[in-house]
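J.: Pasting the sequence and the predicted model now:
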Amino acid sequence: MQFSKSNFSEWFTDVLSEAGIMDIRYPVKGMPVYMPWGFAILRKIFSYLEGQLEDAGHEQALFPLLLTDNLLAKESHMLEGFSPEVFWVDAEDDGRKLAIRPTSETIMYTMYSLWVQSYKDLPLRIHQTVTCYRQETKATRPLIRGREFYWNEAHTVHATREDAEKQIAAGVDIYSKVYNMLGISFLPFVRPEFDKFPGAEYSIAFDTLLPDGKSLQIATVHYLGTNFSKPYAILYKNEKNERVPAYQTCYGISMRALAAVVAVHGDDSGLVLPSKSAPIQIIIIPFTKSPEIGEIEFKLKSFGYRCRVDDSGRRAGDKFYHWEAKGVPMRIEVGERELKGNSVKIAMRNGEKQVVKISELDKIGSLFEKYDKSLGEAHADFIEKNTYSAGSLSEIKKGGFVKFGWCGDDECAGKVKEQGVEIRGEIYGKKPVKLKCIACGKDGKEVYAVHPY
RNA sequence: GGGGGGAUGGGCCAACCUGGUAUGCUUCCAGCUUUGGGAGCUGGCGAUUUGAGUUCAAAUCUCAGUCCCCCCA
């Protein structure tokens, strides 16, 4: 099957199914099934993420799915922000209504209140990889907007504001590493007031561009200050023996990371996987039955590659199309011709081909490096070409990242929205650039806007 | 939030207007012959989205629900 990426929406749905990533036929709205290949890729991405989190001092835990209505209500923004989307369970517990988590703050912080007693307990950094549930009314889309979403959320507690804000930077850094590994470029924005997380003092969100020029939010990092520690009583005793509220952060990254990998790197033949995210990195296609095939596989595995021999009875061309659709980065062809020269033929998923001596297979690491680099560069190029400045309201809806001045006023943001794009904010960590507001002409700062998913 | 379109074996589709035995391709399964870019032949399994209504009779007409897709806000 050939896919045409020129119709991106259709291409995305077709590829998810043909590559064995998602099956959207499960008959509950917004809840598609992760098929084995798709889930394997997702787990590769999340394992890498979890490793980075643990290297940075986080510990993994697992909190319950259900919460009671009064827990959600403790922080008023939480209640307002999430209650329209909460799935309520048709059962009560001691007169309390039970809800399925739309996110885990209230659940985790109820326990944090018990766990945090002294400044010696801080910082506390815990993460979990779970599914959350929101009754989306908008149209759902597999991996992009579901009513069930798979994500990793980290929640940290600190003694001081400075320490917590350092953690914000650390969170941004961890997520940057994940997307760097995936060859996906993005911009980190400080969200405007109207778009921050309910209960956050400020929110940072990563946006990337998909091939159709629309933007996808692919990670969020929130500074909570003491907005939650006060209502949830996450208090610690400082060195002066005073009980004071702690400072908190939380950050999350979801299966949208997989959506971005599929959408950004894929082509008309199917998926193209960055090598570290590929469940199978090397597929060996034998044209002959020789003991040397097994030896080559053993050798590659001993070098640490995830490698498989396709010895199914199908024809070679069939196998090529199959593994190309699944995005396997490297194909190795071995037959009489190659073995005569003590070599194999290597074809990378992005089209690079060469013949390599079997004795030199230990050097293929450089092929993966080159391959990953070219994927990353292609997307960085794409983002650069689709970022531009606008001087007037009529110029802002071309798609991509558009930058212009904004005074910070909601009314002016509304005028921007009328054009079909939404303000995502200033770039995190960058000095504000003074610029007159595109809507009212008053003093403002440079912000970016996008056409969001 | 508003509007539009759609749903028939695993996938794509015909029949629907004009009610009466559900079409073809593909996938899948079995067998034989094949195997350096999607193999051929033979045989086989498998479907009218759900609920109600109209009718002697519903894939087809009517109403409602569910899910999917598209457009606008």
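T.: The structure has been received and is ready for your questions. Residues are numbered from 1 along each chain as shown, chains lettered A, B, ... in the order given.
J.: Next up, the contacts around the closest residue to residue A:386 other than its chain neighbours.
T.: In space, and not counting its chain neighbours, residue A:386 is closest to residue A:400: 3.2 Å by CB to CB, 6 or more residues apart in numbering. The way it works is simple: take the backbone N, C-alpha and C, and place the C-beta from them, glycine included. Applying CB atoms under 8 Å, 6 or more residues apart in numbering, we find residue A:400 in contact with A:209, A:213, A:386-388, A:450.
J.: Just the closest of these to RNA strand B, please.
T.: RNA strand B lies nearest to residue A:213 out of the contacts of residue A:400, by CB to the nearest atom of the strand, at 12.0 Å.
J.: Let me see the contact set for that closest one.
T.: Applying CB under 8 Å, 6+ apart, the residues near residue A:213 are A:386, A:398-400, A:451.
J.: which among the contacts of residue A:400 end up buried?
T.: Neighbour counting with 16 or more other CB atoms under 10 Å marks A:209, A:386, A:450 as buried within the contacts of residue A:400.
J.: Is the last one in contact with residue A:420, as I believe?
T.: Read that as residue A:450. No - counting by CB atoms under 8 Å, residue A:450 stays clear of residue A:420, with 10.3 Å between them.
J.: so what pLDDT did residue A:370 get?
T.: Looking at residue A:370, its pLDDT is 98.
J.: any idea how far it lies from RNA strand B?
T.: Computed as CB to the nearest atom of the strand, to the nearest Å, the residue A:370 to RNA strand B distance reads 18 Å.
J.: and what of residue A:215?
T.: The value you get for residue A:215 to RNA strand B, if CB to the nearest atom of the strand is used, is 14 Å.
J.: List the residues that contact that residue.
T.: A:207-209, A:401, A:424, A:450-453 are the contacts of residue A:215 under CB under 8 Å, 6+ apart.
J.: where does residue A:385 fall, phi/psi-wise?
T.: phi -70, psi -20 (degrees, to the nearest 10).
J.: how many neighbours does it have?
T.: Residues near residue A:385, counting by other CB atoms under 10 Å, number 10.
J.: pLDDT at it, what is it?
T.: 95.
J.: same thing with the one 10 residues further on?
T.: In the prediction, the pLDDT value recorded for residue A:395 is 88.
J.: Please name the nearest non-neighbouring residue to it.
T.: residue A:402 (7.7 Å).
J.: Now do the one you found against RNA strand B, distance only.
T.: Residue A:402 is 16 Å from RNA strand B, by CB to the nearest atom of the strand.
J.: what's across from that residue in the sheet?
T.: Bridge pairing for residue A:402 (DSSP bridges) gives the partners residue A:388, residue A:449.
J.: what's it in contact with, if anything?
T.: A:387-390, A:395-396, A:421, A:448-450.
J.: Would you mind naming what in chain A lies close to RNA strand B?
T.: Within chain A, the positions adjacent to RNA strand B are A:1-2, A:9-10, A:13, A:24-25, A:27-30, A:137-142, A:269, A:287-288, A:313-318, A:320-322, A:324-325, A:333, A:335-338, A:345, A:347, A:418, A:420 by CB under 7 Å from any atom of the strand.
J.: What about these, which are in strands?
T.: Counting by DSSP state E, the residues of chain A next to RNA strand B place A:333, A:345, A:347 in strands.
J.: now the strands for the stretch 301-450 of chain A?
T.: A:307-309, A:330-334, A:343-348, A:353-357, A:387-389, A:401-406, A:422-427, A:434-436, A:443-450 (DSSP state E, counting those that start in this stretch).
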